[in-house]
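> Next input, structure requested:
(one chain, ligands or ions: 2)
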Amino acid sequence: MNKTEPSPPPPPQHKRMARAARLAAERPEMVFTGIAISAGVAIGPMFGTTEAPAEITRLRIQAADIAGETARLDAAIVQSRKQLNKLKARLAVLPEESQAEIAPLLDGYIQMIGPSRLVRGARRRVAEMLRSAENAVVEETEEIALAIQGQGAADAGTEERASVRRRADEVREIGRRLVRNLTHVPFRSFAGLPEGAVLVAEALRPADAALLDPSRLAGVVAEEGGADGHTAVMLRALGMPAVLGATGLVQAIRPGDVAVVDGGAGKVVLNPSPATLAAARRAVTAFARERQRFARLRRLPAETLDGEAVELQANLEIPVELPLIAQSGAVGIGLFRSEFMFMNRESVPDEDAQFDTYRGVVDAMGGDPVTIRVLDWGGEKDIEALTNEGIVPEIADVNPALGIRGIRLLLRQPELFETQLAAILRAAAFGSVRVMLPMVTNVAEVRAAREIYERVARRLRRRGERMPEKLPPLGIMIETPGAALAADALALEADFFAIGTNDLTAYTLAVDRGDADVAGLYDPLHPAVLRLVQFATEAALRMRMPVSVCGEIAGNPALTPLLLGLGLRSFSVNASAVPRVKLAVRAVEIDDCARFARRVMEQQDAEKIRELVAEFGKDRAGSRGLSPAAPRSPST
Ligand code: PEP
Ligand code: MG
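Ligands and ions are numbered 1, 2, ... in the order given. Coordinates of the predicted model:
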């Protein structure tokens, strides 16, 4: 039964849009802000879906009904399994990444109604407690869900809490499916939604995602849901513009209302004005074009026109970004900021909790390298758990950016440092890992850190822990002018450099990263910053030591030729920037970049450098990028 509203067949797309424009003129534009879930802009008529509630009318049964009730329960289990298998079969029409994301969830549901605690428990409630089958399912799933929630440590971090919530939701979800099948109240179907519609719902289940056809629907909006739930993950995997948490929208829509959904900004505009519509149309076209190019790009190597290979990796802040990284075409993680694990919790995570997180990331990267940066506390990065445990003072230093930061804190708090190193070393047994130290300014810090690193490794070996035979490389961030200018000395101590231009710019120009009053002075293209980048890069190259850039400038494709010209061949950037940087790499020749970098490095001021960068980009606009066999750019 299709509960999708409204039921009459929709008029063709052009008529709908014309009607929408008329209606839009009659009703004012309304903007709803929700949570940005999946990038892209959609324009379309909104279609709401409702679902009749499955009401449980009988709670208890007589002893004589036990056999019949158990048979009903078993039939509902069989029917649920069939539905889930059917959903799985439907996945074949979805893009590969969507399948990879959704199939394990459906498998999980199927497992839960196999020979599971849920099924045994529900049967027992029917037989021993004389519960109706529906009631038995509800009670049992709720008990399991609560037990899962109870397992989550009181001091769990945001990510851990989200994972616990997701697992508990999965159990409740399979319970709801069983109850629907027992009460014969069907699920809503999305089959009746007209092509190009925007689906609006109060709430969407993760399994609903398997029913959505991304080639027919323009976008998805729901009033409930958060950024880290299963539904969000599914919608992202489907690649449809989507916004969740858009409160008040369902109440506000009228039949035929048109909306613009901006999934990247988390915004829904109901009854868009002609100007909003025109801008949205341009955004839709640009996004579609870009997506096509990026999909093709993913399979192409990050190499210049003259065949120079470039390592293109992603920065990771929180593990929910992993699917985006997988889709981006990045080969590994060049900067895993481990701070998130310590945030939003009352106490510091122990070795096992940290190990689980690192292992999860290492596994997800399937053998591609993962560079884990040890805790970088200080400056603008405040962490409550560290204050709670007396690891850092309640009141920050007079000038926190110049106080106990990064490696300085870790060397003063060896227990904190050793716990993290131990967890990383254990995770390193499962993939390719590198360890990176933040905020280094002198060789003594690297030596001291290496001593601790080796001591932790020896201790783990004595403990019989599984570990890689050879210790993972221990590298450093170059993010202070001191480190950049001492790069030749540091290169003798460290195994690799990652140039952090965010802090390097701040410290070189004496500009606080978070101070709006001096934001105009924050300029990574300041010749002083570029000279430090050049000096550190050349020191590493002379030593044949790996060097990369992981600050924000690495994600700006306009600056890729300059960085290549300075000799850099490895970049770690936000997942969303990977395709753009790859395009930039594939559009240039190294000699050309080197000549360009030499010109840039002769300049005295950032404005002139910006002009040169813009000019270089303009000259090469439209050069190859996508096709491996495409002719070389005429300008090269
Ligand atoms: C940097 O400083 O450039 C960097 C990558 O580190 P973060 O932004 O985490 O301080
Ligand atoms: Mg930094």
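> how about Gln313, phi and psi?
Here is the backbone geometry of Gln313 (degrees, to the nearest 10): phi -120, psi 170.
> what residues are up against Leu199?
Taking CB atoms under 8 Å, 6 or more residues apart in numbering, we find Leu199 in contact with Phe47, Thr49, Phe190, Leu193, Leu212, Leu217, Gly219, Val220, Val221. Any C-beta I mention is one placed from the backbone N, CA and C, and that applies to glycine too.
> Then Phe616?
Applying CB under 8 Å, 6+ apart to Phe616 gives the contacts Pro561, Leu562, Phe596.
> could you dump the contacts of Leu199 to CSV with secondary structure?
As requested, the contacts of Leu199 are exported to CSV (DSSP: H, G, I helix; E, B strand; the rest coil):
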residue, secondary structure
Phe47, strand
Thr49, strand
Phe190, coil
Leu193, coil
Leu212, coil
Leu217, coil
Gly219, strand
Val220, strand
Val221, strand
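> If any of these are buried, put those into a ChimeraX selection.
Isolation of the buried members of the contacts of Leu199 (16 or more other CB atoms under 10 Å) is achieved in ChimeraX through the command below:
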select :47,49,190,193,212,217,219,220,221
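> before we move on, the earlier item: now, of the contacts of Phe616, which are buried?
Neighbour-count burial within the contacts of Phe616 applies to Pro561, Leu562, Phe596; the criterion is 16+ other CB under 10 Å.
> Can you list which of these are found in helices?
Pro561, Leu562, Phe596 (DSSP state H).
> Need the per-residue pLDDT for the residue nearest the centre of the chain.
Nearest residue to the geometric centre of the chain (CA atoms, centre = their mean): Glu321, 1.5 Å. At Glu321, the model reports a pLDDT of 74.
> ok, so what distance separates the residue lying closest to Glu493 once chain neighbours are set aside from Leu212?
The spatial neighbour of Glu493 that comes closest, neighbours along the chain excluded (CB to CB, 6 or more residues apart in numbering), is Val446 at 4.1 Å. Distance from Val446 to Leu212, counting by CB to CB, to the nearest Å: 51 Å.
> can I assume Leu425 is in contact with Arg455?
No - Leu425 is not in contact with Arg455 according to CB atoms under 8 Å; the separation is 11.2 Å.
> Show me which of the two is the more surrounded one.
Leu425 (25 against 13; other CB atoms under 10 Å).
> Count residues in the vicinity of the residue lying closest to Thr441 once chain neighbours are set aside, would you?
In this structure, Thr441 finds its nearest non-sequential neighbour in Gly482, 4.1 Å apart by CB to CB, 6+ apart. A count of neighbours around Gly482, defined by other CB under 10 Å, yields 15.
> Which strand or helix spans Gly482?
Under the criterion DSSP states H and E, the helix or strand holding Gly482 is helix 481-485.
> Now the element after that helix, going C-ward?
Sequence-wise, the next helix or strand downstream of helix 481-485 (DSSP H and E) is helix 487-490.
> other SSEs contacting that next one?
helix 443-462, strand 474-478, helix 527-542 (3 or more CB pairs under 8 Å, 6 or more residues apart in numbering; DSSP states H and E).
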